[in-house]
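Colleague: Let's see this in three dimensions:
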Amino acid sequence: MKASEIREKSHQEILEELEACKRELLNLGFQWQAGELRNSAQYRQIRKDIARLKTVLREAELGINESLPGKRNEKESA
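Modeller: So this is what the prediction gives:
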């Protein structure tokens, strides 16, 4: 997943994607412990996806990326 793809999503979609990635990372950890993990590079890729998602959320919060409706914009409207 690329950062540009993430930036096209809404705030709620990004949060949902982040939760899904965290669940996937947990499942991969269980598979690793059980010796069932076939592609160990997948673990690294999920960690990078989580980092990208968090980065885009933080950009929105700080107002760095104006196209995303972040927490900063929600506070201003309240």
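
Colleague: tally of neighbours for the closest residue to Val56 other than its chain neighbours?
Modeller: Nearest residue to Val56, sequence neighbours excluded (CB to CB, 6 or more residues apart in numbering): Ile6, at 4.7 Å. C-beta: built from backbone N, CA, C; applies to glycine. Neighbour count for Ile6, taken as other CB atoms under 10 Å: 20.

Colleague: Surely Ile6 and Lys54 touch.
Modeller: No. With contact defined as CB atoms under 8 Å, Ile6 does not count as touching Lys54 (10.1 Å).

Colleague: dump the residue contacts of the residue nearest to Val56.
Modeller: Counting by CB atoms under 8 Å, 6 or more residues apart in numbering, Ile6 makes contact with Ile14, Glu17, Arg52, Leu53, Val56.

Colleague: Out of these, who's the most crowded?
Modeller: Ranking the contacts of Ile6 using other CB under 10 Å puts Val56 first, with 24 neighbours.

Colleague: Could you double-check that it sits in contact with Ser4?
Modeller: No. In this structure Val56 lies outside contact range of Ser4 using CB under 8 Å: 9.7 Å.

Colleague: what about the closest residue to Ser40 other than its chain neighbours, which helix or strand?
Modeller: Nearest residue to Ser40 in three dimensions, chain neighbours excluded: Trp32, at 7.4 Å (CB to CB, 6+ apart). Following DSSP states H and E, one finds Trp32 within helix 11-34.
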